[in-house]
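S.K.: 3D, please:
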Amino acid sequence: MRANDGTRTGGEILIDQLVIHGVQHVFCVPGESYLAALDAFYDRPINLTVCRQEGGATMMAEAVGKVTGRPGVVFCTRGPGATNASPGIHIAKQDSTPLIVFVGQVGREMREREAFQELDYRAVFGTLAKWTTEIDDAARIPELVSRAFYTAADGRPGPVVIALPEDMLTDRVSVADALAFDPIETWPGLTDMTRLQKLLWAAERPIMLLGGSRWSEAARASVMRFAKRFALPVATTFRRAHLFDAMHGCYAGDLGIGVNPKLIARVKAADLVLLVGGRMGEMPSQGYTLFDIPNPRMNFVHVHPDPDELGRVYRPTLAINATPTAFAATLEGVEPPKNVKWGDAAEVAHADYLAWTEQPTAVPGAVNLGAVVTWLRDRLPADTIICNGAGNYAGWLHRFFRLRRFNTQLAPTSGSMGYGVPAAVGAKRAHPDRMVVAFAGDGCFLMNGQEFATAVQYNLPIIVIVVDNGMYGTIRMHQEREYPGRVTATALRNPDFAAYARAFGGFGATVETTQDFAAAFEDAAKSGKPAILHVKVDPEAITPTTTLAALREKAFAARGG
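M.R.: So this is what the prediction gives:
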């Protein structure tokens, strides 16, 4: 019960700050180390989602951070609870997602004794989080929580970890609340945009690459108008395909894994690359092979909200320290040259993209995952949120599904397995009116499959497509390339995933042929329940373009035997 003497417990002050900062959803696994904060949720207007494991809870919060652009919030208990949360923290770091993780801590008088479940959070998360702190004084909660929101959301967004000593949360103090945080936009200067216009006017083979976070629907629309005015080819970086309409006449494709060779050739041949928002890390740079380091061969314009990223790997011809939202707004004033030197490059690039993604490739087995994806592509509502974790199964999804709307893709650029299911739960919690579909491999699914129970508990009718090839497919692929014929530690014996869904109270169906999929998906959607479609695919179908046998034969041939 709240006191009427003007004082509040640390837990009450903390939750009041979340309300002030506009938090609508919090994910947690309960723990005794932060009971006072849990109690403070009791009469607050925040949707609290209780999860089954801290890794899943943190991924749900990270997914909310992705789709809203505002910090996702998760609570976990001390010690093992905090370390369980670390995969989600790592995703937020590499994916530039705003996230705040509140972690229980031992009482202040017990510190430095290795008390029960005690951890030094600054040491544990010091390099993983953008900022890690511990609140010793309840009177400083408004100040430090406000700082956490700004730190998580501004510049290059990322995770913040805040430790909460158990006894601090029960202290009673009188302190004023902080004002609501407002994300800070960094705007490009007039000189920056003038130089950009001159570089574009001088270019003959330009291309624009979009990535990172801190985007908005309005920013995306501005960039699409800019691309159309300039007839400029545009590609998206790894798992950021929602930043540009796939059917826009300038879209050149997804610069991720299993890329169209024609897109790679186009980027390598460019005399001007305009990278907005992204870092051009290992995946989109194709293992750091697209551009010379540190001096790219072409003119390189890099737009990024964090000045520390500019020049960190690639020396830019023009560095623009700006958020994508602010930069996109200023593009309206950039004029195209009177005589565009690159002619029909955008039209050709888009035609190449359409040809690369139009028809599913032939693969061994009774289920063609490409045909499954193209069937969904032609039938799902345009605002459907598509989630996935990591694994070769995602290659079909990224190649053949054409994303049309902003914030319709939730996928870890960090390559974290187990992401698809909790991301789908988080997305459905934030957007209950939208369809949410998750793809997961058999290995990927069982890393956080228990969160299907969370979907059932909160009546969140997500549809999970489990692609079962009986192995850790990506590792098996690399195994056959590097150690052909020596299969070790990659085989999996799987349960009946459809029965698993029904055991939790959801809908489950098994798909053993391509033709079975449509009816199974429609039945899942009609059920109104969280659903799992157990799709059994041939292990030989390792990517859309090759098989395990072909990889093995090629590797043996390269070794001369």
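
S.K.: any idea which element residue 62 lies in?
M.R.: helix 54-68 (DSSP states H and E).

S.K.: Remind me what that helix packs against, helices and strands.
M.R.: Here helix 54-68 touches strand 25-28, strand 72-76, helix 80-84, helix 86-95, strand 99-105, strand 409-410, helix 420-430, helix 442-448, going by 3 or more Cβ pairs under 8 Å, 6 or more residues apart in numbering; DSSP states H and E. (Each C-beta comes from the backbone N, C-alpha and C, glycine too.)

S.K.: Can you check what angle separates that helix from helix 420-430?
M.R.: 50 degrees (axes from the mean of the first three to the mean of the last three Cα atoms, to 10 degrees).

S.K.: which residues does the closest residue to residue 485 other than its chain neighbours contact?
M.R.: For residue 485, ignoring the flanking residues on the chain, the nearest one in space by Cβ to Cβ, 6 or more residues apart in numbering is residue 552 at 6.2 Å. Counting by Cβ atoms under 8 Å, 6 or more residues apart in numbering, residue 552 touches 480, 484-485.

S.K.: ok, 10 Å please
M.R.: Residues in contact with residue 552 (Cβ atoms under 10 Å, 6 or more residues apart in numbering) are 479-481, 483-485, 487.

S.K.: Pull out the CA atoms of stretch 548-561 and give them to me as PDB.
M.R.: Output of stretch 548-561 as PDB, limited to C-alpha atoms (Å, rounded to 0.1, in the frame of the first residue of the first chain):
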ATOM      1  CA  LEU A 548      24.700 -31.000 -48.600                       C
ATOM      2  CA  ALA A 549      25.900 -33.600 -51.100                       C
ATOM      3  CA  ALA A 550      27.000 -30.900 -53.500                       C
ATOM      4  CA  LEU A 551      28.900 -29.100 -50.800                       C
ATOM      5  CA  ARG A 552      30.600 -32.300 -49.800                       C
ATOM      6  CA  GLU A 553      31.500 -33.200 -53.400                       C
ATOM      7  CA  LYS A 554      32.900 -29.700 -54.000                       C
ATOM      8  CA  ALA A 555      35.000 -29.900 -50.800                       C
ATOM      9  CA  PHE A 556      36.400 -33.300 -51.600                       C
ATOM     10  CA  ALA A 557      37.200 -32.100 -55.200                       C
ATOM     11  CA  ALA A 558      39.100 -29.100 -53.800                       C
ATOM     12  CA  ARG A 559      41.200 -31.500 -51.600                       C
ATOM     13  CA  GLY A 560      41.900 -33.700 -54.600                       C
ATOM     14  CA  GLY A 561      40.100 -36.700 -53.300                       C
END
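
S.K.: show me where pLDDT drops low in this protein?
M.R.: Residues of the chain meeting the criterion pLDDT under 70: 1, 561.

S.K.: Send over stretch 307-327 as PDB, restricted to the C-alpha atoms.
M.R.: Output of stretch 307-327 as PDB, limited to C-alpha atoms (Å, rounded to 0.1, in the frame of the first residue of the first chain):
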ATOM      1  CA  PRO A 307      30.100  10.000 -34.100                       C
ATOM      2  CA  ASP A 308      32.200   7.200 -32.800                       C
ATOM      3  CA  GLU A 309      31.100   5.000 -35.700                       C
ATOM      4  CA  LEU A 310      32.200   7.500 -38.300                       C
ATOM      5  CA  GLY A 311      35.700   6.500 -39.500                       C
ATOM      6  CA  ARG A 312      35.800   3.600 -37.100                       C
ATOM      7  CA  VAL A 313      36.300   1.000 -39.800                       C
ATOM      8  CA  TYR A 314      35.900   2.900 -43.100                       C
ATOM      9  CA  ARG A 315      37.300   6.300 -43.800                       C
ATOM     10  CA  PRO A 316      34.400   8.300 -45.300                       C
ATOM     11  CA  THR A 317      34.700  10.800 -48.000                       C
ATOM     12  CA  LEU A 318      31.900  12.600 -46.200                       C
ATOM     13  CA  ALA A 319      30.900  11.800 -42.700                       C
ATOM     14  CA  ILE A 320      27.500  13.100 -41.600                       C
ATOM     15  CA  ASN A 321      26.700  12.800 -37.900                       C
ATOM     16  CA  ALA A 322      22.900  12.600 -38.000                       C
ATOM     17  CA  THR A 323      20.000  10.300 -37.100                       C
ATOM     18  CA  PRO A 324      18.400   8.600 -40.100                       C
ATOM     19  CA  THR A 325      15.100  10.400 -39.200                       C
ATOM     20  CA  ALA A 326      16.700  13.900 -39.300                       C
ATOM     21  CA  PHE A 327      18.900  13.100 -42.300                       C
END
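
S.K.: Please consider this matter closed, and thank you.
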